[in-house]
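>>> Next come a sequence and a model predicted from it.
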Amino acid sequence: MANANVEIWHCDAGGSYSEYGSAARATCLRGIQTTGATGEVGVYAARGTNPLSNLSDGIFADSLPAEIVTPTGDAAAGYAATFQVGVPA
């Protein structure tokens, strides 16, 4: 999908993600990138398929169903997805 904003979230060299563990109050190593005409973001596309699946990621795997959406639609008509977010009263 071209011109989509994608949140990029990296771990540090030790494999730690911000907002987890000892970095619970940190929000480093994050950013938003916009996809190009072919729907790819960043310089990593040339490296091929990521060898780490979401299911084997130590952070993502613990709540994968709550963090992934399944879009419907197509490139011509557009895509839609629903994601429920809790908001404290």
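That came through fine. Numbers count the residues shown, from 1 in each chain.
>>> Please work out which helix or strand belonging to this protein has the smallest mean pLDDT.
helix 64-67 (a mean of 74; mean pLDDT, DSSP states H and E).
>>> Go ahead and measure how far stretch 32-40 is from the middle of the chain.
Relative to its chain's centre, stretch 32-40 lies at 13 Å (Cα atoms, centre = their mean, to the nearest Å).
>>> and what of stretch 15-27?
Distance, centroid of stretch 15-27 to centroid of chain: 16 Å (Cα atoms, centre = their mean).
>>> First-to-last residue distance for that stretch?
Start-to-end span of stretch 15-27 (Cα to Cα, to the nearest Å) is 15 Å.
>>> can you start the count at 27 instead of 1 from here on
Right, with 27 as the first residue, what we last looked at is stretch 41-53.
>>> mean confidence score for it?
For stretch 41-53, mean pLDDT rounds to 73.
>>> measure the closest residue to residue 49 other than its chain neighbours to residue 111 for me?
Once flanking residues are discounted, residue 49 sits nearest to residue 42: 5.7 Å by Cβ to Cβ, 6 or more residues apart in numbering. Glycine gets a C-beta too; all of them are placed from N, C-alpha and C. Applying Cβ to Cβ, to the nearest Å, the value for residue 42 to residue 111 is 25 Å.
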